[in-house]
Structures are given as structure tokens and as C-alpha cells.
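> fold the following, please.
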Amino acid sequence: MSLKLEIFDPALCCSTGVCGPSVDPELIRIAKDIHTLQKNNIDAVRYNLSQNAEPYVTTEVVSQLLDDEGTDALPATLVNGELKKKGSYPTAAELSEWTGLPIETFVTKPKSFKIDLEIK
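The predicted structure is shown next:
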């Protein structure tokens, strides 16, 4: 069975949600996680309420969620059409559990670097 993961974002200023004077690191993380899922052949997509409202209306579970709780319920995450999380983005552990990918797939390890200082 193929897996489809959908994230329904609140209204963001642009498709990435990382424009403006301050960048939310959570938006950068989830964008990276979506890219990682796609690289691992998982159908993963994010929708932005301000730029693509149609899926919010045509996806019954999301439409009902918005009717019941309003936009405070966003972001909402669906896996194969089932609501798995609302009000915040999925964690690495949740993505690992839902997709079967190792958690290390989603955990960013800091890159090590060497500084070579020569004092004169």
C-alpha cells in the first residue's frame, strides 16, 4: 500500500512560510522533512491556506476540523486521509512511526567542521 502524507498549513505569507523579518525554525524543519519524505518515495505534500484553499474545502476531514475548531487547529497532518495530528507539525518520531522510516532519517546531525587557526 502506498503512503500519502498531507500537511495543511495555516495561512502563510508564501509557499515556504519563511519570508519576512523572522524565520520560524519549525517551518524550515517541516519543509526539510517533506523533502526527505519525497526523496524516500513517499507521497508527501503541504498545502498553504492562503494560496491553495481548495484542498481545505474538498478534504472532508479537514473541512470538518475547520468547521469545528477553526484555523487554530492548523497545521493538520493526514496520513492516508486519516487525521493524525492537529495544532502543530509532526515530530521526527511521529514521522518515523507513520512512515516506517528510521528516526535518524529526520534528525539533522550538526555537520562537523574543522577550524585551522594559525597565530602569527
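> same for whichever helix in the chain runs longest, what does it pack against?
Assignment by DSSP state H gives helix 25-39 as the longest helix of the chain. Packing partners of helix 25-39 (3 or more Cβ pairs under 8 Å, 6 or more residues apart in numbering; DSSP states H and E): strand 4-9, strand 43-48, helix 92-99. Just so you know, the C-beta spots here come from the backbone N, C-alpha and C atoms, and that holds for glycine as well.
> what's near enough to touch the spatially most central residue of the chain?
In the chain, the centroid-proximal residue (Cα atoms, centre = their mean) is residue 30; its distance is 3.7 Å. Counting by Cβ atoms under 8 Å, 6 or more residues apart in numbering, residue 30 touches 7, 46, 75, 89-90.
> what's the angle from the helix or strand that residue 67 is a member of to strand 43-48?
Taking DSSP states H and E as the criterion, residue 67 maps to helix 60-69. Helix 60-69 and strand 43-48 are oriented at 30 degrees to each other (axes from the mean of the first three to the mean of the last three Cα atoms, to 10 degrees).
> thanks a lot, see you next time.
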